[in-house]
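Visitor: pasting the structure only:
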């Protein structure tokens with residue numbers, strides 16, 4: 001059974017930092033591209049950051065470029081999102097997402113972790 005379990009969310013003041021983790025199990029982690037999405041209250045889910053299966057390429061939402069860093073440790077089956085200089089508009093539930101690199105229709109979602117940034 002595949003599980004993606006996010007952790008590291010919480011309440012932080014504007015300008016602060018948080019690091020989210022997504023622990024994967026039940027899949028060959030190194031065969032999956034990984035993404036972080038977020039969904040704010042009343043808004044659609046949006047792609048925040050993406051990383052290829054090897055970690056060799058990353059992409060970011062324009063509004064988080066220079067502040068967020070996505071990374072992965074394939075030996076630990078874990079995905080990370082380092083978030084610095086947080087803003088109130090970063091407040092959302094953050095989800096990790098895994099897509100098989102050969103067959104992206106095979107994909108999985110985590111349950112999400114709440115990030116709240118106070119002004």
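Guide: Cool, the structure landed. Source: prediction; values computed, not measured.

Visitor: give me every residue that touches residue 44.
Guide: When the contact criterion is C-beta atoms under 8 Å, 6 or more residues apart in numbering, residue 44 has no partners at all. (C-beta placed from N, C-alpha, C; glycine too.)

Visitor: All the strands of this protein, residue numbers only.
Guide: Along the chain, the segments classed as strands by DSSP state E run 3-7, 10-13, 18-25, 32-39, 46-51, 58-60, 68-73, 78-83, 92-100, 107-109, 113-118.

Visitor: Tell me how far the residue nearest the centre of the chain lies from residue 42.
Guide: Central residue check for the chain by C-alpha atoms, centre = their mean: the C-alpha nearest the mean position is that of residue 36, 2.7 Å away. Noted for residue 36: a distance of 20 Å to residue 42, by C-beta to C-beta, to the nearest Å.

Visitor: One more: residue 24?
Guide: Taking C-beta to C-beta as the measure, residue 24 falls 29 Å from residue 42.

Visitor: repeat for residue 4
Guide: If you measure residue 4 against residue 42 using C-beta to C-beta, the figure is 25 Å.

Visitor: what about the two, which has more around it?
Guide: Using other C-beta atoms under 10 Å as the criterion, residue 4 and residue 42 rank with residue 4 on top: 24 against 5.

Visitor: Not counting sequence-adjacent ones, nearest residue to the more buried one?
Guide: residue 110 (3.6 Å; C-beta to C-beta, 6 or more residues apart in numbering).

Visitor: Name all residues that make contact with the one you found.
Guide: Taking C-beta under 8 Å, 6+ apart as the contact definition, residue 110 lies against 4-6, 22, 95-97.

Visitor: biggest separation within the residues you listed, which pair?
Guide: Spanning the widest gap among the contacts of residue 110 are 5 and 97, at 13.0 Å by C-beta to C-beta.

Visitor: Please identify which of these two sits among more neighbours.
Guide: residue 97 (20 against 14).
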